[in-house]
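J.: need coordinates for the following:
(4 chains)
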Protein chains: 2
Amino acid sequence: MNDKRQDKVTITEVAKRAGVSTATAGRALGGYGYSRKEIKARVKQAAEELGYRPNLLARGLITGKTKTIGVVAGDIQSPFYASILRGVADVTRAAGFGILLTNSDERIELELEAVQLLREKQIDGLIIAPSDLSDSAHLQAAILDGCPVVLIDRAIRNLAADAVCVDNREASRDCVARLTAAGHRRIGLVAELERWNGGNVADFLAAVASGRVDSSTLFPSWQRLYGYIDALRDAGIPVDPDLIGRVGLYSGEGARKETQRLLDLPNRPTALFSADGLMSAAAMGIITSLDLQIPRDLSLICFDDLDWMSFLKPGIAAVVQPLTEMGEAAARLVLSRIDGNEGPNQRLALRPRFAERGSIAAPPSL
Amino acid sequence: MNDKRQDKVTITEVAKRAGVSTATAGRALGGYGYSRKEIKARVKQAAEELGYRPNLLARGLITGKTKTIGVVAGDIQSPFYASILRGVADVTRAAGFGILLTNSDERIELELEAVQLLREKQIDGLIIAPSDLSDSAHLQAAILDGCPVVLIDRAIRNLAADAVCVDNREASRDCVARLTAAGHRRIGLVAELERWNGGNVADFLAAVASGRVDSSTLFPSWQRLYGYIDALRDAGIPVDPDLIGRVGLYSGEGARKETQRLLDLPNRPTALFSADGLMSAAAMGIITSLDLQIPRDLSLICFDDLDWMSFLKPGIAAVVQPLTEMGEAAARLVLSRIDGNEGPNQRLALRPRFAERGSIAAPPSL
DNA sequence: TTGTATGCGTTATCAT
DNA sequence: ATGATAACGCATACAA
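T.: Okay, here's the model as predicted:
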């Protein structure tokens, strides 16, 4: 009965079997142009019988649209990107779009390759977590060529792209303020702090002090450092550079080292703020290995909520980013651009939630 | 200098600028056919100057190959699929392939839609975690049409597809044997146990007893139940159906309920075996909320290693599936088929690692 | 409402 | 080694 052989069945054969031209067959099946419903039924039946499936390559070649969006994630394996991706996938699927996925490993060379491949595959739009906030010619080119770009997690100055982020600086300030409110004055920070104009932490502190830093186009970890500085200033506490753990490369190993260093300090911090998921896991490992009791010996607050934080005893307070919502928003933005929306670029700053748990107490010596 | 306007530059314009035919330009750029290196250089320069990028739709239309593989995952958001995807992405990228990603939510209707879309987009191969082990006509059709399929995490009987799994039954038997060796006789199991020929646990136990179950083509959670039964039999312990927590739908809520039920049992189990990551997180939550001390009050062993298991005190023993390796293997298999490999179908069973940690002790009452 | 003819951008075929 | 030309499968302009 069913003919589903090696030979692909094209619209030509459907047309032949239905006794109409290919143009008519196309109209009947593709839902464009006009066609009598009698004919439409006949064509559809023929298509059914032959097991016809349109070749979207051919369609895309002529329409100039592929109904596919490209996604460049830093590391698909991390819960951060996985959740964002989930949001993107849900929204795009509902709109009948496919998603072409690539990893950049946060490296600009890989990102360049990825974007090129995606564009050669003629994606209709691009969602990307850019690896480099200054080198964005490839994104600029995409936009100029009519391929809308939506940035996620980070924004780039002077780029005509929409962006979906959270207000890292404010969320971070809020976190650290909770610690100062509890009485802490020596608060350690464990953060990536890579990639800021090639500058180091001291340079950054100076630049912030002189007010010449645009926090909205920093990498997230620098924004979080900014919020940390804000909170200390609000509380009248001077910033001690020794308490800023700069992990540099994004690795668990580096995070463990910096955490260890902070907790080995002669005048050890009484609270720790870890600036992302990877840092938090590493910090927690060290804390456990040192047999420190939270919050008796050390208060802890984390950016990014990981599942274990809610069922440890006590739970670990955390900033919960609305990750799938970010992915959904990014997808909606890019679809809207593809749809022809020409409005001004949006820079969405979604509000993270704060999960208050039992990891914050007054410092030990008080 | 750089012309990167709205108008796309095609091979025709490159050919014109280089003073050759489109055929020659194609050969010079595409790396097929013959062309003098003098000409090749001239064409390449012209391409460079114009910022030429090939249109992979057009190429795919004529070659019949898109250098794209489709992936159907259950839920991209879960660490399980995220890690597998990472492995797939690494291998495919190295081979110059893109990946088109979709979610099935483990629902056959969504899977059918997804596979159809992917095939219309003319993927060269498919990697899929099938939602239904009996309804596989769409996969059969793909294979017949020359689109190789690689199953992941689950195998389907009588389907000419390669598969990459782990030996769930054996790994599970090993886990439970560690518990019986420690002296446990009442061991609770928390597992999904959905989708087995529409049958329930009692039916399954009967079928196993009569030896008419092919464990290699069961859903993983049923394979793990099989291994649980194996271990009990080896230890001469009768299976108590009350100790088998069947979550049914794949949800944290359901898992919490079943765990709660098991731990509320009048003759409470002295050890728990949770059959996957979601179950483990749920079980851990309940255990924590009941203030049970591991392993003093309860021994625990988990299938799937989650990051918190290694830094809780004590750590939680777990079966570590080689997830990225599974993804890599699946990708290599599908690429090899695309490459023309016609050998017999492979059914890879990768060996999981066991992470021995402090969550196993002798039962309390001993 | 339908059919004819043309084109999308590339590779394949076959002369030369 | 190169060029003219025909595909690939579909959508679109235009004529009928």
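J.: if we ignore the residues flanking it in sequence, what's nearest whatever residue of chain A ends up closest to chain B?
T.: Sorted by distance to chain B under C-beta to the nearest C-beta, the residues of chain A start with A:Trp308, at 3.1 Å. Placement of C-beta: from N, CA and C, glycine included. Taking C-beta to C-beta, 6 or more residues apart in numbering or on different chains, and ignoring the residues beside it in sequence, A:Trp308 has B:Trp308 as its nearest neighbour in space, at 3.1 Å.
J.: could you look up the SS state of that neighbour?
T.: When the structure is split into helix, strand and coil by DSSP: H, G, I helix; E, B strand; the rest coil, B:Trp308 lands in helix.
J.: show me what from the stretch 251-366 of chain A comes close to chain B.
T.: A:281, A:284-285, A:288, A:306-308, A:310-313, A:324 (C-beta under 8 Å from any C-beta of the partner chain).
J.: now do the residue nearest to A:Trp308, the pLDDT please.
T.: If you check B:Trp308, the pLDDT there is 89.
J.: got a list of what it touches?
T.: For B:Trp308, the contact set (C-beta atoms under 8 Å, 6 or more residues apart in numbering or on different chains) comprises A:281, A:306-308, A:312, B:284, B:316.
J.: if we can go back for a sec, most neighbours, which of the residues of the stretch 251-366 of chain A next to chain B?
T.: The most neighbours of any of those, using other C-beta atoms under 10 Å in any protein chain shown, belong to A:Met284, which has 25 neighbours.
J.: my read: that one touches B:Leu312, true?
T.: No: here A:Met284 does not reach B:Leu312: they are 9.3 Å apart, not a contact under C-beta atoms under 8 Å.
J.: quick one, phi/psi of A:Phe219?
T.: Phi and psi for A:Phe219, reported as degrees, to the nearest 10, are phi -60, psi 150.
J.: alpha carbons of the helix or strand of chain A with the lowest mean pLDDT, as CSV, please.
T.: Here the helix or strand of chain A ranked lowest by mean pLDDT, DSSP states H and E is helix A:307-311, holding a mean of 88. The C-alpha coordinates for helix A:307-311 follow below in CSV (Å, rounded to 0.1, in the frame of the first residue of the first chain):
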residue,chain,number,x,y,z
ASP,A,307,18.8,22.4,42.8
TRP,A,308,20.9,21.4,45.8
MET,A,309,20.7,24.8,47.3
SER,A,310,17.1,24.2,48.3
PHE,A,311,17.6,20.9,50.0
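J.: gap between A:Ala95 and B:Gly98?
T.: Here A:Ala95 is placed at a distance of 20 Å from B:Gly98 (C-beta to C-beta, to the nearest Å).
J.: what's the burial count for A:Leu265?
T.: 13.
J.: swap that for A:Gly74, sorry
T.: With other C-beta under 10 Å as criterion, A:Gly74 counts 24.
J.: in which helix or strand does the nearest residue to it once chain neighbours are set aside reside?
T.: Take A:Gly74 and drop its neighbours on the chain: the residue closest to it by C-beta to C-beta, 6+ apart is A:Glu106, 4.7 Å away. Applying DSSP states H and E as the criterion places A:Glu106 outside every helix and strand.
J.: tell me the phi and psi of A:Glu106?
T.: Phi and psi for A:Glu106, reported as degrees, to the nearest 10, are phi 60, psi 20.
J.: doesn't A:Ser131 make contact with it?
T.: Yes: in this structure, A:Glu106 sits in contact with A:Ser131. The criterion is C-beta under 8 Å, and the distance is 4.9 Å.
J.: what touches both of the two?
T.: Residues touching both A:Glu106 and A:Ser131 (C-beta under 8 Å, 6+ apart) are A:Gly74.
J.: quick check, pLDDT for A:Met1.
T.: The score at A:Met1 is 33. That number is its pLDDT.
J.: who are the packing partners of whichever strand or helix holds A:Glu38?
T.: Element membership of A:Glu38 [criterion: DSSP H and E] is helix A:37-50. Taking 3 or more C-beta pairs under 8 Å, 6 or more residues apart in numbering or on different chains; DSSP states H and E as the contact definition, the neighbouring helices and strands of helix A:37-50 are helix A:11-18, helix A:22-30.
J.: will you turn these into CSV that also has distance to A:Gln223?
T.: Conversion of the helices and strands packed on helix A:37-50 to CSV gives the following (distance: least, C-beta to C-beta, whole Å):
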stretch, distance to A:Gln223
helix A:11-18, 53
helix A:22-30, 47
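J.: TSV for those helices, including distance to B:Val176 and mean pLDDT?
T.: Converted to TSV, these look like this (distance: least, C-beta to C-beta, whole Å; pLDDT from 0 to 100):
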stretch	distance to B:Val176	mean pLDDT
helix A:11-18	56	96
helix A:22-30	55	95
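J.: export those to CSV and tack on distance to B:Val43 and mean neighbour count?
T.: Converted to CSV, those look like this (distance: least, C-beta to C-beta, whole Å; neighbours: other C-beta atoms under 10 Å in any protein chain shown):
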stretch, distance to B:Val43, mean neighbour count
helix A:11-18, 35, 19
helix A:22-30, 35, 19
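J.: B:Ser299: which of the ones you listed is closest?
T.: With distances scored as C-beta to C-beta, the stretch of these nearest to B:Ser299 is helix A:22-30 (60.8 Å).
J.: CA-only coordinates of that closest one in PDB, if you can.
T.: Backbone C-alpha positions of helix A:22-30 (Å, rounded to 0.1, in the frame of the first residue of the first chain) are rendered in PDB as follows:
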ATOM      1  CA  THR A  22       2.800  21.800 -10.300                       C
ATOM      2  CA  ALA A  23       1.800  25.400  -9.600                       C
ATOM      3  CA  THR A  24      -1.700  24.400  -8.700                       C
ATOM      4  CA  ALA A  25      -0.400  21.500  -6.600                       C
ATOM      5  CA  GLY A  26       1.900  24.000  -4.800                       C
ATOM      6  CA  ARG A  27      -1.000  26.300  -4.100                       C
ATOM      7  CA  ALA A  28      -3.200  23.600  -2.800                       C
ATOM      8  CA  LEU A  29      -0.600  22.300  -0.500                       C
ATOM      9  CA  GLY A  30       1.300  25.400   0.400                       C
END
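J.: next up, the contacts around A:Leu151.
T.: Shown here is A:Leu151, whose contacts under the criterion C-beta under 8 Å, 6+ apart are A:128-130, A:159, A:161-165.
J.: ok so, going back, farthest-separated two in the residues of the stretch 251-366 of chain A next to chain B?
T.: Spanning the widest gap among those are A:Thr288 and A:Thr324, at 29.6 Å by C-beta to C-beta.
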